Every structure is written in C-alpha cells, then in structure tokens.
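Q: Quick one: sequence and predicted model below, then my questions.
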Amino acid sequence: MIKSEAQRDYYFVTMANEYPGYEGPMMWILFSKLPEDEICDKYPEDIESHRPYIYMNPELSAVVREYERNDAKHRMRQIRQHSMYEFEDGETEIYHPELLTGDLLPNYIAAESDQETAERIQSILQGLSDIQRSRFEKLYYDGMTVTEIAAEEGVDYNAVRKTVMQLRKKFSTKA
C-alpha cells in the first residue's frame, strides 16, 4: 500500500482508543515528526477538522511511552508483592470486610457472652504497655488508621503496624 504525503507526515489517533474511559475535551492525538505549525500550514483543512487535539512529536511520545511502561511495571510489582493476609490501610478491608468497623473489640466482646472470655479480654487490656494501649484506643475507639496514628506520633508506619498486628494476635489467641 502506498501512503499519501499526508499519511507519511502525520496521523491522528482518537483519545478514546489510546486511553479507554477518557472523556475530556481533547478528542484526538496528532502524531508527527514535523513541527506543528508546519503541519497546520501544509494541511489546514484536515488539521482544523480534528480540533481540539494534542500534538505529539517523537520525543514527547517516547517520554509518554516510558512513563506508561514504568507505571505498568510498578503496578505489576505491587500486585506480585501484595499479600492478602498482610495488614495495609485501605487494602486489608478488600479481603476482610469485617474490619471496616472501628468497633472490633465491642463486637468481639458482644459475640463472646461467657464471663471467662470477658475476663480474659480485661486481662489482655490491663497487660498492654502505655504505647500499645494508646494505639489500641486510637485505632478502635477513635477510628484512626495506622497511617494517621504513625503521622500523629511522628513514628514509622511499620512500628504502628507491628503494634496493631501484636494486638490482633493477643485478642485472637484463645487462652
């Protein structure tokens, strides 16, 4: 197939094809090796019929493609390294919707009606360090996330995460 001069100088791609779900004002991407003003002077009718558009030269196109490759690489790395059993703010709730409530302990106590369980829970609460008790209250009574607690205390996220995991372990083990 022989391409016309216009087909060799530039081509248009619809934004919807390039970016599924796109609904913005720019409907076309103009790809060309030539400067935009030269294309507009050389093919005014065709260019005008595709306005509004985004102009992409090979250098800019290469940057966009590199960004998209890196973004896909990081998304895949996140998917491969994610554990459905790990506690992560905003993600754990996907796999464990029962954690959406901030009232885990009262729900747990209500579900356990015997006196022995209530005493065990009280014993656990009394055995917590000041830091554990503070984080427990912030998490379960104030409804704060691990990230918010870490920011408020000025500590690393993983330190708070470790405390939360220890608390969950203490309350989940049967005496």
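A: Structure received. Residues are numbered from 1 along each chain as shown.
Q: contacts and neighbour counts: CA atoms only from here.
A: OK.
Q: can you pull the pLDDT of A16?
A: In this model, A16 is scored at 80, pLDDT.
Q: Please apply the same query to V155.
A: 88.
Q: Assign it to helix, strand or coil.
A: Applying DSSP: H, G, I helix; E, B strand; the rest coil to V155 yields a three-state assignment of coil.
Q: if I pick it, what's in contact with it?
A: Not one residue lies near V155 by CA atoms under 8 Å, 6 or more residues apart in numbering.
Q: just the strands in this structure please.
A: 10-14, 28-32, 53-56 (DSSP state E).
Q: list the contacts for C40?
A: 47-48.
Q: gap between it and E59?
A: 19 Å (CA to CA, to the nearest Å).
Q: Save the strands of the chain as a markdown table, and put in mean neighbour count and distance to V160 too.
A: Listed next are the strands of the chain as a markdown table, based on neighbours: other CA atoms under 10 Å; distance: least, CA to CA, whole Å:
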| stretch | mean neighbour count | distance to V160 |
| --- | --- | --- |
| strand 10-14 | 16 | 47 |
| strand 28-32 | 19 | 47 |
| strand 53-56 | 17 | 46 |
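Q: Kindly reformat the ones you listed as TSV containing distance to P44.
A: Compiled in TSV, the strands of the chain are given as follows (distance: least, CA to CA, whole Å):
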stretch	distance to P44
strand 10-14	13
strand 28-32	13
strand 53-56	14
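Q: No further queries at this time; thank you.
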